[in-house]
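**Q** with the input below, show me the fold.
(one chain, ligands or ions: 1)
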Amino acid sequence: MKILVVNAGSSSLKYQLIDMETEKVLAKGGCERIGIRGSLLKAKGNGGEKVFNRDMPDHKVAIELVLSALQDKDIGVIKSMKEIDAVGHRMVASGEYFNKTTLVTEEVMKTLEEKTFELAPLHNPAAATGVRACMEVMPGTPMALVFDTSFHATMPEKAYLYGIDYDDYKKYGVRKYGFHGTSHKFVSSEAAKYLGKDISELKIVTCHLGNGSSISAVDGGKCVDTSMGFTPLAGILMGTRSGDIDASAVEFLARKKGMTHAEIIEYLNKKCGVAGISGVSSDFRDLLAGEKKGNKRCSLALEMFAYQTKKYVGAYAAAMGGLDCIVFTAGIGENTPTVREEVCEGLKFLGVKFNKRANKANGGRSGGKICEISAKNSKVKVLIIPTNEELVIARETAELL
Ligand code: ADP
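**A** Predicted coordinates:
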């Protein structure tokens, strides 16, 4: 079975074609600048790479181009579109309307469009455009929506509710939903496999630390709490997002800066986080370079990031009543030894014995492999696990079929 995984943004469309028998990526690539002049598709397949400079006024043309790249005479990996058994679409927010991977039907699309767009205005409309385009270009091919939120659907009420009027929660659906679910699911199940244990026996904290960062408590394979909230703005401070902040401070700041509601939310999403603290960059490579040169605000941003991550690990160990494993994943989690060290060094009291050498040795992206960075006799295992959200989307789609 071959599954096409599609991740559509407002002006981009990333894809992978995965063979489910071997779980190998047959082809992958991405369209950039859809709807903007100078659009192009960078495609890999069959051991080669090609750039298609084509006008892509919309996502329909983009998906048509992807399909022709998949059948290209040089880098093509299939002979006909019919070889694609299904399409799995990445979707960010589900609200309470979908709590699992869902087969695409006209009715499902209507619910998605009418009910969830306001929950993720930057992501869901763009992704839905990608689904609509595929429905048009590939009629008859089964498609699934795989939500970033579904892995978190197992959270108990006490974890996902905010301390607001319960009737307002019911009426408006204001609660914690969580994000990066496919990643948390993937790395927690990989951790169990690596440790040779049944996931039902394990208490794991998964730290997905990337441009957007979230931390989850995974007890017995089920998510019981997560750091992102109603939107991906919550939790620890991120590249440009503030993370948790007192709601009254938001109103105060908006008043002082003369900003509207929309403007202050945009500010908290785009101008804060480590970029705001450092005044230098949202990228950890720049922050590390800044710290080396003695930039104190870069050091402060790095310190805050590790401190907040550590607090979540501690809180989630308490929430689960124990801890067997900490997983680091995503751009920062996989590539920044100093962050991992600062998080773990303060956790000896929980039974974490850190292996600094192994941590430093795995300074670069760990080549797609799992790395153990705790000491052999550490009660709590610490692992670096490269995430693979596309594979989870493909697996979920295959399972649904
Ligand atoms: P996204 O959330 O956009 O998917 P990623 O998980 O790819 O992002 O993480 C991107 C971030 O990872 C970058 O902004 C950067 O801060 C960090 N990063 C990537 N590579 C490195 C590296 N070699 N060293 C330190 N940080 C890195």
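**Q** in this structure, which residue sits closest to the ligand?
**A** Distances between the chain and the ligand by Cβ to the nearest ligand atom are smallest at residue 331, namely 2.0 Å. Placement of C-beta: from N, CA and C, glycine included.
**Q** and the next element down the chain from the host helix or strand of that residue?
**A** Secondary structure assignment for residue 331, by DSSP states H and E: helix 330-335. Sequence-wise, the next helix or strand downstream of helix 330-335 (DSSP H and E) is helix 337-345.
**Q** one step back: pLDDT averaged over the helix holding residue 331 - what is it?
**A** In this model, helix 330-335 has a mean pLDDT of 95.
**Q** now for that helix, which elements pack on it?
**A** Applying 3 or more Cβ pairs under 8 Å, 6 or more residues apart in numbering; DSSP states H and E, we find helix 330-335 packed against strand 203-209, helix 284-292, helix 337-345.
**Q** change it to 6 Å
**A** strand 203-209 (3 or more Cβ pairs under 6 Å, 6 or more residues apart in numbering; DSSP states H and E).
**Q** list the contacts of the strand it packs on.
**A** Strand 203-209 is contacted from outside by 180, 183-184, 187-188, 191, 214-219, 309, 313, 316, 320, 322-330, 332-333, using Cβ atoms under 6 Å, 6 or more residues apart in numbering.
**Q** angle of the helix or strand following that strand against strand 203-209?
**A** Following strand 203-209 in sequence order, the next helix or strand is strand 213-219 (DSSP H and E). Strand 213-219 and strand 203-209 are oriented at 170 degrees to each other (axes from the mean of the first three to the mean of the last three Cα atoms, to 10 degrees).
**Q** separate out the buried members of the contacts of strand 203-209.
**A** Buried residues within these, counting neighbours by 16 or more other Cβ atoms under 10 Å: 180, 183-184, 187-188, 191, 214-219, 309, 313, 316, 320, 323-330, 332-333.
**Q** do the longest strand belonging to the chain and the ligand meet?
**A** Ranked by number of residues, the top strand in the chain under DSSP state E is strand 24-32. No: against the ligand, strand 24-32 shows no contacts by Cβ under 6 Å from any ligand atom, the least distance being 12.8 Å.
**Q** please apply the same query to stretch 135-153.
**A** No: figure legend: stretch 135-153 not in contact with the ligand (Cβ under 6 Å from any ligand atom); closest approach 11.6 Å.
**Q** buried set for that stretch?
**A** Neighbour-count burial for stretch 135-153 flags 135, 137-138, 141-153 (criterion: 16+ other Cβ under 10 Å).
**Q** do the same with stretch 70-81
**A** So for stretch 70-81, counting by 16+ other Cβ under 10 Å, buried means 70, 72, 75-78.
**Q** could you redo the residues you listed as TSV and give each row secondary structure, distance to residue 280 and pLDDT?
**A** Formatted as TSV, these follow (DSSP: H, G, I helix; E, B strand; the rest coil; distance: Cβ to Cβ, whole Å; pLDDT from 0 to 100):
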residue	secondary structure	distance to residue 280	pLDDT
70	helix	41	98
72	coil	42	97
75	coil	39	97
76	coil	44	97
77	coil	42	98
78	coil	45	97
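**Q** for the residues you listed, work out which two are farthest apart.
**A** 75 and 78 (11.2 Å; Cβ to Cβ).
**Q** quick one: residue 148 and residue 93 touch, right?
**A** No: with contact defined as Cβ atoms under 6 Å, residue 148 does not count as touching residue 93 (7.2 Å).
**Q** other residues contacting the helix holding residue 331?
**A** 207-210, 284, 365, 384, 386-387.
**Q** at 7 Å what do you get?
**A** Applying Cβ atoms under 7 Å, 6 or more residues apart in numbering, the set of residues contacting helix 330-335 from outside is 183, 207-211, 284, 328, 339, 364-366, 384, 386-387.
**Q** looking at the chain, which helix or strand does the model trust least?
**A** Ranked by mean pLDDT, DSSP states H and E, the helix or strand of the chain with the weakest confidence is helix 356-361, at a mean of 92.
**Q** that one near the ligand at all?
**A** No: using Cβ under 6 Å from any ligand atom, helix 356-361 stays clear of the ligand, coming no nearer than 13.0 Å.
**Q** that helix: which residues count as buried?
**A** For helix 356-361, burial by neighbour count (16+ other Cβ under 10 Å) applies to 358-359.
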